[in-house]
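> What would the 3D arrangement of this be:
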Amino acid sequence: MKELVEVIAKALVDSPDEVVVTEKDTGKAIVLELKVAASDMGKVIGKQGRIAKAIRSVIKAAASKEDKKIIVDILQ
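Okay, here's the model as predicted:
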């Protein structure tokens, strides 16, 4: 899942070198933290959060086979 978030984010931003995805396992869920450059935050979030919601939907669909819940957090 980490790689999928990374590929999607790098396709959206102007500076793909600054995209960092970290994975944390919290027992009940896996948290994927996405960090991008400050200038690219708007591109990853989108108007009214539509792109962020789309990223989360794709990850949720891809993770439907796994037992754990996957959470995507977008950090500054």
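
> Is Met41 within a helix or a strand, and which one?
For Met41, the element it lies in under DSSP states H and E is helix 41-45.

> after that helix, next one along is what?
Beyond helix 41-45 in the direction of the C-terminus, DSSP H and E gives the next helix or strand as helix 50-62.

> buried sites along that next one?
Ile51, Ala52, Ile55, Arg56, Ile59 (16 or more other C-beta atoms under 10 Å). The C-beta positions use only the backbone N, C-alpha and C, and glycine is treated the same way.

> Turn the residues you listed into a markdown table, including distance to Val13 and pLDDT.
Below are the buried residues of helix 50-62 laid out as a markdown table (distance: C-beta to C-beta, whole Å; pLDDT from 0 to 100):
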| residue | distance to Val13 | pLDDT |
| --- | --- | --- |
| Ile51 | 11 | 96 |
| Ala52 | 13 | 96 |
| Ile55 | 12 | 96 |
| Arg56 | 17 | 95 |
| Ile59 | 17 | 94 |
